[in-house]
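**Student:** below are the sequence and a predicted model for it; my questions follow.
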Amino acid sequence: MIILWTDGLIFILIITAILLLAHLRKQAHFVRPWLAVTHSRTGMVSLVFLLCFVAIGVLDSIHFKSPEKQGHDIISVLDYWATPLRVRQEKSYSAPFAAHLYSKELLNTADNGTIWGYRRLKYGASHLKKLAHKQDDIMQTAGIALLKGVAVVMILFYTYHWLLQIDCFSRRPVNTVFASLLVLSPLIYMLLELSANYHVLGTDKVGEDVFYQAIKSIRTGLVIGCLTTLIMLPMALVFGLLAGFFRGWVDDVIQYIYTTLNSIPGVLLIAASILMVQVYMANHQEQFTSLLVRADMRLLFLCLILGVTSWTGLCRLLRAETLKLREMEYVQAAQVLGVPRYQILYRHILPNVMHIVLISVVLDFSGLVLAEAVLSYVNIGVDPTTYSWGNMINGARLEMAREPIVWWSLMASFVFMFSLVLAANLFADSVRNAFDPRRVEN
């Protein structure tokens, strides 16, 4: 097993989240809002979709050396499972579910002549002897896959009911989760079954499967959103609480730091940092023997720069909230009783600002995913060899201008990115409604 820098940070983030939830599950002020989230249909549906994306990202973060080649090829568990999609490369563009290339070329005929036509794909629909049966084969495969997906969910539902001996039909969160799975599971089964024989989202210029590219891009979006949050959260928490609680020269210094940082154009700072990383890797090539390692280091530095430039907004919110909380009676009473300041910050201030932290983190996640797409579009984002929705959109610029137009790469990146961002935003709305202390339930 090979652990890249971003892999290690992802595992640390998952372990930290599990330990934090185990620690906070006994605290009523934390459990009560989350129970409200579980009773929100929108929140639970979006959470199921988010967990599906997270599962794909985790599978794509477990790397090992490829058994297929003798070189230093590094693949993930997701790559291993998706080997047919990864290795079946066509000659060039092909449309979704197509059996021929998208552009005409000279073809040799049986009588040693040539004609101008569409070449048959090497892998797409290659199992069909007659192309007239393609539509029936697609419908039959999709129908069987849908039935398999529904059957799996129903088995899980009744197994859950049998093991716990409870009436699942009367439990709203359970019903919502299984209803979401009833939509998601058949869709996943259908895509997997169809992708075994077809390029369901077509191929790109070099003949690589676009569906495989879109799935691989999920990890990049999650890394940008999660690791950037992991980097910026400690700075925002520490500086925000210190500025609001101590005030005076401490507040002035921290305000000066984030005001100065906000005055620097973020795009220029990111571009300069990425250029420095590229120069360092070019001068120390012996440390980066694999393209994946080089791309991972650039992705890590992009997360670092985004984290350094995105903590200021949350810091301001926490400073303002801490200024209000330090004037509360229970905080002043603790100061009079001689409670150390660090204990006041940890026991009285920090728990009462966690709703702001949680809401801001979930809301900023979708913004960071979109930021990666924008930065990659202007060529200062992730490495060009890294699978990302931004690189797919960047590559689609020229494809949209050719004739005939190649639209499926842009559509695939848009659909996957839209699904992740929409699920994150809907879940953020549910979390905000549950944790907002000013919200009164009717």
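**Tutor:** Right, received. Where do you want to start? Since this is a predicted model, take the numbers as computed values, not measurements.
**Student:** CA only for contacts and neighbour counts going forward, please
**Tutor:** Will do.
**Student:** wait, a strand at C315?
**Tutor:** No - counting by DSSP: H, G, I helix; E, B strand; the rest coil, C315 falls outside a strand, being helix.
**Student:** residues contacting it?
**Tutor:** 235-237, 239-240 (Cα atoms under 8 Å, 6 or more residues apart in numbering).
**Student:** of the residues you listed, which is the most crowded?
**Tutor:** Within the contacts of C315, neighbour counts (other Cα atoms under 10 Å) peak at G240, which reaches 27 neighbours.
**Student:** mean confidence for the helix or strand harbouring that one?
**Tutor:** Following DSSP states H and E, one finds G240 within helix 210-246. Mean per-residue pLDDT for helix 210-246: 89.
**Student:** packing partners for it?
**Tutor:** helix 5-24, helix 41-59, helix 248-263, helix 291-310, helix 312-325, helix 350-377, helix 389-399, helix 408-435 (3 or more Cα pairs under 8 Å, 6 or more residues apart in numbering; DSSP states H and E).
**Student:** in it, what's buried?
**Tutor:** 210-233, 235-237, 239-245 (16 or more other Cα atoms under 10 Å).
**Student:** got it, and stretch 193-213?
**Tutor:** Counting neighbours by 16+ other Cα under 10 Å, stretch 193-213 gives 193-195, 197-204, 207-213 as buried.
**Student:** how far is that stretch from where the chain is centred?
**Tutor:** How far stretch 193-213 lies from its chain's middle: 21 Å, per Cα atoms, centre = their mean, to the nearest Å.
**Student:** again, but for stretch 389-398
**Tutor:** 18 Å.
**Student:** pLDDT averaged over it - what is it?
**Tutor:** Rounded mean pLDDT across stretch 389-398 is 84.
**Student:** before we move on, the earlier item: so the helix holding G240 versus helix 248-263, what angle?
**Tutor:** 150 degrees (axes from the mean of the first three to the mean of the last three Cα atoms, to 10 degrees).
**Student:** got the angle between helix 210-246 and helix 389-399?
**Tutor:** Interaxial angle of helix 210-246 relative to helix 389-399 (the same axes, to 10 degrees): 130 degrees.
**Student:** on the pLDDT front, check R326 for me.
**Tutor:** With respect to pLDDT, R326 has a value of 86.
**Student:** gap between it and H355?
**Tutor:** 17 Å (Cα to Cα, to the nearest Å).
**Student:** quick check: the gap between M354 and L24.
**Tutor:** From M354 to L24 the distance is 12 Å (Cα to Cα).
**Student:** looking at the two, which one has more neighbours?
**Tutor:** M354 (15 against 12).
**Student:** tell me the secondary structure for A125?
**Tutor:** Quick answer, by three-state DSSP: A125 is coil.
**Student:** hmm, I typed the wrong one, I wanted E403.
**Tutor:** coil.
**Student:** same deal with the one 3 residues further on?
**Tutor:** In three-state terms, and counting by three-state DSSP, V406 is coil.
**Student:** burial of it, as a residue count?
**Tutor:** Neighbours of V406 (other Cα under 10 Å): 23.
**Student:** quick one: pLDDT of it?
**Tutor:** 87.
**Student:** quick one: neighbours of the closest residue in space to it that isn't next to it in sequence, just the number.
**Tutor:** Leaving out its chain neighbours, the residue that sits closest to V406 by Cα to Cα, 6 or more residues apart in numbering is E399, at 5.2 Å. Using other Cα under 10 Å, the number of residues around E399 comes to 19.
**Student:** residue contacts, E399?
**Tutor:** E399 touches 405-407, counting by Cα under 8 Å, 6+ apart.
**Student:** apply 10 Å and report the result again.
**Tutor:** Residues in contact with E399, defined by Cα atoms under 10 Å, 6 or more residues apart in numbering, are 204-205, 393, 405-410.
**Student:** low-confidence bits of the stretch 151-300 of the chain, can you list those?
**Tutor:** Within the stretch 151-300 of the chain, the stretches with pLDDT under 70 are 164-172.
**Student:** cool, the stretch 1-150 of the chain as well?
**Tutor:** Those would be 29, 68-72, if you go by pLDDT under 70 across the stretch 1-150 of the chain.
**Student:** please redo it, this time with the cut-off set to 90
**Tutor:** 1-44, 63-76, 79-95, 98-122, 124-136 (pLDDT under 90).
**Student:** picking that back up, for the contacts of C315, give me a markdown table that also has distance to E286.
**Tutor:** A markdown table is the format used below for the contacts of C315 (distance: Cα to Cα, whole Å):
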| residue | distance to E286 |
| --- | --- |
| M235 | 33 |
| A236 | 36 |
| L237 | 38 |
| F239 | 39 |
| G240 | 41 |
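**Student:** which pair in these spans the largest distance?
**Tutor:** Distance extremes for these: the farthest pair is M235 and G240 at 8.0 Å, using Cα to Cα.
**Student:** domain map for this structure?
**Tutor:** With domains defined by automatic domain parsing, the chain comprises 90-195, 213-435.
**Student:** may I see the ones you listed organised as TSV, with distance to S61 added?
**Tutor:** Formatted as TSV, the domains of the chain follow (distance: least, Cα to Cα, whole Å):
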stretch	distance to S61
domain 90-195	20
domain 213-435	8
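**Student:** V37: which of the ones you listed is closest?
**Tutor:** Comparing the domains of the chain by Cα to Cα, domain 213-435 comes nearest, at 6.0 Å.
**Student:** now, which of the contacts of E399 sits nearest K134?
**Tutor:** W408 (19.8 Å).
**Student:** what's the neighbour count on that closest one?
**Tutor:** Neighbours of W408 under the rule other Cα under 10 Å: 22.
**Student:** contact partners for it?
**Tutor:** 94-96, 200-204, 210-211, 396, 399-400, 414.
**Student:** try V206
**Tutor:** So V206 contacts 89-93 (Cα under 10 Å, 6+ apart).
**Student:** what does R247 give?
**Tutor:** Applying Cα under 10 Å, 6+ apart, the residues near R247 are 241, 253-254, 319, 323.
**Student:** roughly how far apart are Y256 and G117?
**Tutor:** 67 Å.
**Student:** ok, now which ones touch the closest residue to H63 other than its chain neighbours?
**Tutor:** Spatial nearest neighbour of H63, chain neighbours left out: S76 (4.1 Å); criterion: Cα to Cα, 6+ apart. Listed by Cα under 10 Å, 6+ apart, the contact partners of S76 are 1-2, 58-66, 82.
**Student:** if we use 6 Å, what do you get?
**Tutor:** Contact analysis of S76 by Cα atoms under 6 Å, 6 or more residues apart in numbering lists 60, 62-63.
**Student:** tell me the buried residues in stretch 338-346?
**Tutor:** Result for stretch 338-346 [16+ other Cα under 10 Å]: buried residues 344-345.
**Student:** okay, now Y189: neighbour count?
**Tutor:** Look at Y189: counted by other Cα under 10 Å, it has 20 neighbours.
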